[in-house]
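Asker: Sequence plus predicted model, see below.
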Amino acid sequence: QVQLVESGGGLVQPGGSLRLSCAASGFTLDDYSIGWFRQAPGKEREGVSCISASDGSTHYVDSVKGRFTISRDNAKNTVYLQMNSLKPEDTAVYYCAAARTCTAVAGGVWGQGTLVTVSS
């Protein structure tokens with residue numbers, strides 16, 4: 001069964017850090033591009049970051065550049081999203097998704113999401 005499971009969300013104060021994990025089962029993650037998305041209450045889903053399967057290139061939405069880092073550990077079949085200098089506006093449910101290319105991840109396999117709350 002092809003499945004993605006996110007973890008690592010929680011409550012953190014502004015300026016704090018969290019590391020989200022996206023673990024795959026049923027397929028080899030390094031054959032796929034992995035995207036992270038988020039959806040805040042009352043807002044549309046937003047693409048946050050992606051790491052390409054073909055060349056390992058990484059992509060970020062402007063609002064997280066310099067604060068978030070996407071990486072993969074092929075041995076653990078897991079992709080991470082390191083989030084630093086968190087802001088209240090980063091509060092959202094974060095999802096990972098897998099597809100052959102970063103342009104296709106929105107239509108790929110999705111996880112169930114993990115909630116990140118940034119609040120004092």
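Answerer: Now that the structure is in, tell me what you want to look at. None of these values were measured; they are calculated from a predicted model. Numbers count the residues shown, from 1 in each chain.
Asker: Report the separation between the residue minimising distance to the centre of the chain and Tyr95.
Answerer: Residue closest to the average C-alpha location in the chain (Cα atoms, centre = their mean): Trp36, at 2.9 Å. Separation of Trp36 from Tyr95 (Cβ to Cβ, to the nearest Å): 7 Å. Backbone N, C-alpha and C define where each C-beta goes, glycine included.
Asker: Contacts only, for the residue nearest to the centre of the chain.
Answerer: 20, 22, 47-50, 70, 81, 94-96 (Cβ atoms under 8 Å, 6 or more residues apart in numbering).
Asker: Kindly report the same for Leu81.
Answerer: 19-20, 22, 36, 48-49, 68-70, 94, 96 are the contacts of Leu81 under Cβ under 8 Å, 6+ apart.
Asker: which one of those residues is nearest Gly113?
Answerer: Tyr94 (6.4 Å; Cβ to Cβ).
Asker: Where does the closest one sit: helix, strand or coil?
Answerer: Under DSSP: H, G, I helix; E, B strand; the rest coil, the three-state class of Tyr94 is strand.
Asker: where do the helices sit along this structure?
Answerer: When assigned using DSSP state H, the chain turns out to have no helices.
Asker: just for it, where's the confidence low?
Answerer: For the chain, no stretch has pLDDT under 70.
Asker: And the residue nearest to the centre of the chain, how far from Ser120?
Answerer: Plainly put, Trp36 is 24 Å away from Ser120 if you go by Cβ to Cβ.
Asker: hmm, which of the contacts of Leu81 are the buried ones?
Answerer: Buried subset of the contacts of Leu81 (neighbour count, 16 or more other Cβ atoms under 10 Å): 20, 22, 36, 48-49, 68-70, 94, 96.
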